[in-house]
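Colleague: Sequence and computational prediction follow.
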Amino acid sequence: MNVIKTTWIALCLVVTTSQAQQQQNKCDYNVDQALTYLKAESTKSNYQKAIKSLEPCVKETNDPLAQFLLGKVYAELSNEKKAFKLIKLAAKQGLAEAQAELGIYYKYGFGCNQNFRKAVKWFKKANKSGSNLATYALGYIYYKGFGDVQQNYRKAVKWFKKSNYPMAKYWLGVCYKNGYGVRKNLNKAAALLGTEFTSKIDNNTENLKHYAEVLKAPSDGNASLFANENTLSGIWKGSLLFNDWYGTRIEHVIPIEIIFNKNQNTELLTVTWKLNHQELNKEFSQIENTLYYDNMVLNLPYYPSKKELPKELNHKINSIDFSLKNFKENNYLIGTIQSTIPEWKEKSMPFKIILEKKTTFANSNEEVSKEALEAITGETDKFIKFYPNPFIEDIIISYALDSKSNTEVKLSNLDGSNAKTIKTSSIQPSGTYHYYLDGSDIKPGMYLVSIKVGSEIKTRIVVKK
């Protein structure tokens, strides 16, 4: 999808015009000879032969075509700095192919410091010199917005329309398909893209509308979400949002689950990501509400408009900034992801995640039902809470701690005999806890639930029907 450096076979075609213009140049023979070597097998020996043919032209006549070709050879030999210098010399002499290539070098930082404004400058020069590749590259930069070049769909469409480069037609079709910088027109999109795309809406419109409303809500302004371990600890479920390049329109969503867990012994926080058939738990560093990763790569769906293009891409996650929002009495964890696509050497499209914390049992990963939570929440005057009570088979036992305490939970007969341990004695942080008990093997009758908190024992009677 990114602008790819020209291959030798393609290069032989684009230099034909340049050669015709330089028929009087004494370097014609050397250039032809070099191209013969370069069209042959890509070996170090052939590259050295090409260098030997081209160097006299570069040194003696300052020939731009020879400079360009020699720069391409050094690029193949992984000497990008030397390649950059030679291509820049040819570009300054007005060679369209060299100007376009120089724009690519600045765009990706090949042999130079990455500089998108200089990339745009040289793409515009190459466009005036007749390079369709450069004209497309201008549209591509504005389509996505790189560095200090502001994203602009209208400018992207303008340049795509001017270029006959195949990928320019592809992206112009995508713009017509989605209404980016131009009025949406599926007929024009179909003409440009062929029959390989579909206008089918993949996501639930109501869900997308809900997500958009949540994202617009103000953040709670929590200075540090990670300061209180109970704020994040637990399972959060929701969606990873694929935004358009302007960053305001949700195009696709996929389910995601993130588990925050603090090891009680080491006090270290772990963050487990579950999405697209992957489960990842990578090391990170944390500054305030932002997590920084060095080696986490997510394989995510890609939604191209042609079947020949990849259906999945690897994204290297660099950082994710979290904020907490309250919308219609529900808390949402919002994450803004900064990532890149290593294969393309480009930034990823704007990603966000939107999550709700799920209440699970302390003794299993099963989620507590809303019905049970509502009933338990209603028992405001009791430390030990049950749902249901009386119970027939299963029961939920719940309690809340104001501070970190050593706790133990048991079920026994009223006289204390036949005690059944639900939770062994161990330290628990402050927070609310729910335990699931399979009571199918318990005989009907009255039972005593006892919870030891530090040195204090709290009890409550429960009835099994």
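Modeller: Great, that's in hand. Quantities reported herein were computed from a predicted structural model and do not represent experimental measurements.
Colleague: mind showing which ranges of the stretch 51-200 of the chain have poor pLDDT?
Modeller: 195-200 (pLDDT under 70).
Colleague: what distance separates the start and the end of stretch 242-257?
Modeller: 16 Å (C-alpha to C-alpha, to the nearest Å).
Colleague: That should have said stretch 127-134, apologies.
Modeller: 6 Å.
Colleague: Just the buried residues of that stretch, please?
Modeller: Residues 127, 129, 131-134 are the ones in stretch 127-134 that count as buried (16 or more other C-beta atoms under 10 Å). No exception for glycine: its C-beta is placed from N, CA and C like everyone else's.
Colleague: Which of those residues fall in helices?
Modeller: 127, 132-134 (DSSP state H).
Colleague: okay, the residues you listed in a markdown table with distance to Asp148 next?
Modeller: Shown next, in a markdown table, are those (distance: C-beta to C-beta, whole Å):
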| residue | distance to Asp148 |
| --- | --- |
| Asn127 | 20 |
| Asn132 | 26 |
| Leu133 | 23 |
| Ala134 | 19 |
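Colleague: ok now the biggest strand by length in the chain, how far from the chain's centre?
Modeller: Counting residues, the longest strand found in the chain (DSSP state E) is strand 312-327. When C-alpha coordinates are averaged (C-alpha atoms, centre = their mean, to the nearest Å), strand 312-327 and its chain have centres 7 Å apart.
Colleague: Return the alpha-carbon coordinates of that strand using PDB.
Modeller: The C-alpha coordinates for strand 312-327 follow below in PDB (Å, rounded to 0.1, in the frame of the first residue of the first chain):
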ATOM      1  CA  GLU A 312      -4.700  -8.800   8.000                       C
ATOM      2  CA  LEU A 313      -1.800  -6.500   9.100                       C
ATOM      3  CA  ASN A 314       0.700  -6.500  11.900                       C
ATOM      4  CA  HIS A 315       0.600  -3.400  14.100                       C
ATOM      5  CA  LYS A 316       3.400  -2.500  16.500                       C
ATOM      6  CA  ILE A 317       1.800  -0.900  19.600                       C
ATOM      7  CA  ASN A 318       3.900   1.900  20.800                       C
ATOM      8  CA  SER A 319       1.700   3.400  23.500                       C
ATOM      9  CA  ILE A 320      -1.900   3.500  24.800                       C
ATOM     10  CA  ASP A 321      -3.300   6.400  26.700                       C
ATOM     11  CA  PHE A 322      -6.200   5.600  29.100                       C
ATOM     12  CA  SER A 323      -9.000   7.800  30.400                       C
ATOM     13  CA  LEU A 324     -12.100   7.100  32.400                       C
ATOM     14  CA  LYS A 325     -15.500   8.400  31.300                       C
ATOM     15  CA  ASN A 326     -19.000   8.300  32.900                       C
ATOM     16  CA  PHE A 327     -21.800   8.200  30.400                       C
END
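Colleague: coming back round to it: what is the nearest of the buried residues of stretch 127-134 to Ile259?
Modeller: Leu133 (46.3 Å; C-beta to C-beta).
Colleague: That closest one contacts Leu102, correct?
Modeller: No. Contact criterion C-beta atoms under 8 Å: Leu133 and Leu102 do not qualify, at 11.9 Å.
Colleague: mind listing what the closest residue to Asn281 other than its chain neighbours touches?
Modeller: Of all residues not flanking Asn281 in the chain, Thr272 sits nearest, at 4.6 Å (C-beta to C-beta, 6 or more residues apart in numbering). For Thr272, the contacting residues are 258-259, 261, 279-281, by C-beta atoms under 8 Å, 6 or more residues apart in numbering.
Colleague: Dump the buried residues of stretch 127-134 to JSON lines, plus distance to Ile254.
Modeller: Shown next, in JSON lines, are those (distance: C-beta to C-beta, whole Å):
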{"residue": "Asn127", "distance to Ile254": "38"}
{"residue": "Ser129", "distance to Ile254": "44"}
{"residue": "Ser131", "distance to Ile254": "38"}
{"residue": "Asn132", "distance to Ile254": "36"}
{"residue": "Leu133", "distance to Ile254": "34"}
{"residue": "Ala134", "distance to Ile254": "36"}
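Colleague: Quick check: of these, which lies closest to Ile461?
Modeller: The nearest one, if we look at the buried residues of stretch 127-134 relative to Ile461 and count by C-beta to C-beta, is Leu133, at 80.2 Å.
Colleague: What is the neighbour count of Phe123?
Modeller: 29 (other C-beta atoms under 10 Å).
Colleague: Quickly find the element holding it.
Modeller: Using DSSP states H and E, Phe123 sits in helix 116-128.
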